[in-house]
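# Provided below for reference: sequence and predicted model.
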Amino acid sequence: MQKSNNNKEKAIELYDWNITLCESLYSILSYFEVILRNICNNKLIEKFSKNWYLNIKLLQGNNPEKGEWAINKINETIKKIQKRKK
């Protein structure tokens, strides 16, 4: 309300403008996310292997339990995906 000088109509107009602006940026942000994810994946493949996400040392860091938990979650997800494909 500060930007609209406590004018409710102006506040709603600014709110609508903000929504329109956010909507226009959403698709660009989505593309950026995919591009960034692909770049990260390619670099991780170069450094560790195609299945870098199963590299226990990478996943655990300084916490072995964290790595085991992550591997179990990844394997559970892979099994769920494979069941859906059948």
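Alright, I've got the coordinates.
# next, the buried residues of the host helix or strand of residue 16.
Using DSSP states H and E, the element containing residue 16 is helix 8-47. Neighbour counts over helix 8-47 (16 or more other Cβ atoms under 10 Å) mark residue 44 as buried. In short, each C-beta sits where N, CA and C put it, glycine included.
# give me the next element, helix or strand, following it.
helix 56-60.
# run through who's touching that next one.
Outside helix 56-60, the residues that touch it by Cβ atoms under 8 Å, 6 or more residues apart in numbering are 48, 52-53, 66-68, 70-71.
# repeat for stretch 36-53
55, 58-59, 74.
# roughly how far is that stretch from the heart of the chain?
Taking Cα atoms, centre = their mean, to the nearest Å, the mean C-alpha location of stretch 36-53 is offset from the chain mean by 15 Å.
# again, but for stretch 7-25
Worked out by Cα atoms, centre = their mean, stretch 7-25 lies 26 Å from the chain centre.
# picking that back up, what's the ChimeraX syntax to select whichever of the contacts of helix 56-60 are buried?
To isolate the buried ones among the contacts of helix 56-60 in ChimeraX, judged by 16+ other Cβ under 10 Å, type:
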select :52,53,67,70,71
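# would you turn the contacts of helix 56-60 into CSV with pLDDT and distance to residue 16?
Converted to CSV, the contacts of helix 56-60 look like this (pLDDT from 0 to 100; distance: Cβ to Cβ, whole Å):
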residue, pLDDT, distance to residue 16
48, 89, 47
52, 89, 44
53, 84, 42
66, 84, 45
67, 81, 48
68, 84, 50
70, 86, 43
71, 86, 47
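# please consider this matter closed, and thank you.
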